[in-house]
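Novice: Sequence first, then the predicted structure:
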Amino acid sequence: MKRRHALVSLLSAGGLLAIPAVVQAQGQGVLVEVWKSPTCGCCKDWNTHLEANGFRVKVNDVGNTAARARLKVPMKLGSCHTAWVGGYAIEGHVPAADIRRLLRERPNAIGLAVPGMPIGSPGMDGPAYDNRQDPYDVLLIARDGSTQIFNSYFKPKERS
């Protein structure tokens, strides 16, 4: 009976170990650590976007240049904040849905970037920006620093 109880406990523990992976893939309660300037309002708004989408956010108000270099995000992809989540770098105003997809698909990559600060991206949206929505791409950063489009926003659809 003790062996059976031990086996059930072991299987239960294994099942519990699988739960965080599922939760992580959905973005529920996953910690995102962010480096930003202490005076940047759009970074604060991006953090609010993440929290509204189920992420927990830890903010480091020390700027992001050192974090960007440490996480191997090419300077040409720079934005006003850099983050770390689930083993990936996140540069700039990346939507929470794309972060969840990254965590679910787990590509062999450095992470995601939205270079610059495009209007209409999370944190750069809403009435403060006259509800404007400029087109922008979310880029997947490969280990060699090259990029490919991971997702695109507000681009006109091609007619067939």
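Specialist: Looks like it arrived, so ask away. Residues are numbered from 1 along each chain as shown.

Novice: My guess is Thr147 contacts Ile141. True?
Specialist: Yes: using Cβ atoms under 8 Å, Thr147 is in contact with Ile141, at 5.7 Å. For the C-beta atoms, the positions are set from N, CA and C on the backbone; glycine is no exception.

Novice: These two: who's more crowded?
Specialist: Remark: of Thr147 and Ile141, Ile141 carries more neighbours, 25 against 20, as counted by other Cβ atoms under 10 Å.

Novice: Secondary structure of Ala89: a strand, I assume?
Specialist: Yes: counting by DSSP: H, G, I helix; E, B strand; the rest coil, Ala89 falls inside a strand.

Novice: Just the pLDDT at the nearest residue to Gln133 once chain neighbours are set aside, thanks.
Specialist: Of all residues not flanking Gln133 in the chain, Gly120 sits nearest, at 3.3 Å (Cβ to Cβ, 6 or more residues apart in numbering). What the model reports for Gly120 is a pLDDT of 95.

Novice: what does stretch 42-57 contact?
Specialist: Stretch 42-57 is contacted from outside by 26-34, 36-37, 59, 80-81, 85, 93, 95-97, 99-100, 117, 122-126, using Cβ atoms under 8 Å, 6 or more residues apart in numbering.
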